[in-house]
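1. Predicted model follows, preceded by the sequence.
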Amino acid sequence: MTFLLRFLLFVTAFYILKKLVNYLFGKRAGSSGKHAKPSTGTRKEISGQTVKDPQCGTYVATSIAVPLQVKGKTYHFCSTQCRDEYLKDSDQSKPPDT
Ligand SMILES: [Zn+2]
(Lines give C-alpha, C1' and ligand atoms only; values in the text may rest on other atoms or scores of the structure.)
Protein backbone atom coordinates (compact mmCIF):
# COMPACT_ATOMS: atom_id res chain seq x y z
CA MET A 1 0.00 0.00 0.00
CA THR A 2 2.86 2.37 0.62
CA PHE A 3 3.72 2.21 -3.04
CA LEU A 4 0.32 3.56 -4.01
CA LEU A 5 0.59 6.30 -1.40
CA ARG A 6 3.98 7.32 -2.70
CA PHE A 7 2.70 7.28 -6.23
CA LEU A 8 -0.23 9.48 -5.32
CA LEU A 9 2.02 11.87 -3.46
CA PHE A 10 4.35 12.05 -6.44
CA VAL A 11 1.51 12.73 -8.84
CA THR A 12 0.05 15.40 -6.58
CA ALA A 13 3.42 17.07 -6.13
CA PHE A 14 4.06 16.93 -9.84
CA TYR A 15 0.63 18.38 -10.55
CA ILE A 16 1.16 21.26 -8.16
CA LEU A 17 4.63 21.93 -9.52
CA LYS A 18 3.36 21.90 -13.06
CA LYS A 19 0.58 24.29 -12.17
CA LEU A 20 3.04 26.58 -10.42
CA VAL A 21 5.42 26.62 -13.37
CA ASN A 22 2.53 27.15 -15.74
CA TYR A 23 1.34 30.06 -13.64
CA LEU A 24 4.76 31.67 -13.46
CA PHE A 25 5.63 31.19 -17.11
CA GLY A 26 2.12 32.03 -18.22
CA LYS A 27 2.36 35.32 -16.38
CA ARG A 28 5.75 36.01 -17.90
CA ALA A 29 4.60 35.22 -21.42
CA GLY A 30 1.55 37.40 -21.04
CA SER A 31 3.51 40.45 -19.97
CA SER A 32 6.39 39.93 -22.39
CA GLY A 33 4.49 41.77 -25.08
CA LYS A 34 4.27 44.87 -22.94
CA HIS A 35 7.88 44.52 -21.81
CA ALA A 36 9.22 44.87 -25.35
CA LYS A 37 8.98 48.65 -25.13
CA PRO A 38 12.20 49.64 -23.30
CA SER A 39 14.39 48.55 -26.23
CA THR A 40 13.63 51.54 -28.44
CA GLY A 41 17.17 52.52 -29.37
CA THR A 42 16.28 53.25 -32.96
CA ARG A 43 13.25 55.29 -32.00
CA LYS A 44 15.38 57.49 -29.80
CA GLU A 45 17.60 58.27 -32.76
CA ILE A 46 14.63 59.14 -34.93
CA SER A 47 13.08 61.43 -32.35
CA GLY A 48 16.45 62.97 -31.54
CA GLN A 49 16.62 65.31 -34.51
CA THR A 50 13.49 66.60 -36.15
CA VAL A 51 13.32 69.26 -38.83
CA LYS A 52 10.42 71.11 -40.31
CA ASP A 53 9.31 70.24 -43.79
CA PRO A 54 9.26 73.67 -45.50
CA GLN A 55 6.64 72.44 -47.97
CA CYS A 56 3.89 71.08 -45.76
CA GLY A 57 5.10 72.16 -42.33
CA THR A 58 5.37 68.66 -40.94
CA TYR A 59 8.13 67.92 -38.47
CA VAL A 60 10.11 64.97 -39.73
CA ALA A 61 13.14 63.12 -38.36
CA THR A 62 16.34 63.75 -40.29
CA SER A 63 17.07 60.02 -40.38
CA ILE A 64 13.95 59.34 -42.44
CA ALA A 65 13.59 62.70 -44.16
CA VAL A 66 14.26 63.41 -47.82
CA PRO A 67 17.18 65.84 -47.99
CA LEU A 68 17.56 68.56 -50.60
CA GLN A 69 20.39 71.02 -50.97
CA VAL A 70 19.51 74.47 -52.25
CA LYS A 71 22.26 77.08 -52.44
CA GLY A 72 24.34 75.29 -49.83
CA LYS A 73 21.44 74.97 -47.43
CA THR A 74 19.96 71.58 -46.67
CA TYR A 75 16.22 71.20 -46.44
CA HIS A 76 14.43 68.14 -45.21
CA PHE A 77 11.13 66.88 -46.51
CA CYS A 78 8.72 64.25 -45.25
CA SER A 79 8.45 62.74 -48.74
CA THR A 80 9.84 63.02 -52.25
CA GLN A 81 6.47 64.44 -53.26
CA CYS A 82 6.96 67.39 -50.91
CA ARG A 83 10.50 67.85 -52.19
CA ASP A 84 9.31 67.95 -55.79
CA GLU A 85 6.51 70.34 -54.90
CA TYR A 86 8.97 72.59 -53.13
CA LEU A 87 11.30 72.54 -56.14
CA LYS A 88 8.39 73.35 -58.44
CA ASP A 89 7.27 76.21 -56.21
CA SER A 90 10.75 77.65 -55.90
CA ASP A 91 11.16 77.45 -59.66
CA GLN A 92 7.94 79.35 -60.19
CA SER A 93 8.82 82.00 -57.66
CA LYS A 94 12.08 82.68 -59.45
CA PRO A 95 11.97 85.74 -61.64
CA PRO A 96 12.32 84.90 -65.33
CA ASP A 97 15.70 85.66 -66.85
CA THR A 98 14.30 87.35 -69.93
ZN1 LIG B 1 5.89 67.23 -46.37
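-> Okay, I see it.
2. Would you map the strands across this protein?
-> Assignment of strands within the chain using DSSP state E yields the ranges 50-52, 59-61, 66-70, 73-77.
3. so what strands line up beside the last one?
-> In the sheet containing strand 73-77, the strands it pairs with under DSSP bridges are strand 66-70 (antiparallel).
4. So which residues make contact with the partner strand?
-> Strand 66-70 is touched from outside by Thr74, Tyr75, His76, Phe77, Cys78, Ser79, Thr80, Cys82, Arg83, Tyr86, Leu87, Ser90, with contacts defined as Cβ atoms under 8 Å, 6 or more residues apart in numbering. No exception for glycine: its C-beta is placed from N, CA and C like everyone else's.
5. Quick check, the third one in contact with Val60.
-> Spelled out, it's His76. Yes. With contacts defined as Cβ atoms under 8 Å, His76 counts as touching Val60 at a distance of 6.1 Å.
6. and for those two, which residues touch both?
-> Taking Cβ under 8 Å, 6+ apart as the contact rule, His76 and Val60 both touch Val51, Lys52, Asp53.
7. Tell me the most packed of these, by neighbour count.
-> Per-residue neighbour counts (other Cβ atoms under 10 Å) across these peak at Asp53, which has 20 neighbours.
8. ok, now how distant is the nearest residue to that one once chain neighbours are set aside from Lys88?
-> Among residues not flanking Asp53 along the chain, Cys78 sits closest, at 4.7 Å (Cβ to Cβ, 6 or more residues apart in numbering). In this structure, Cys78 lies at 16 Å from Lys88, with Cβ to Cβ, to the nearest Å as the measure.
9. Give me the more crowded residue out of those two.
-> With other Cβ under 10 Å as the criterion, Cys78 and Lys88 differ in neighbour count, and Cys78 comes out ahead with 20 against 11.
10. Wait, the more buried one touches Ala65, no?
-> Yes. With contact taken as Cβ under 8 Å, Cys78 and Ala65 are classed as touching, separated by 6.7 Å.
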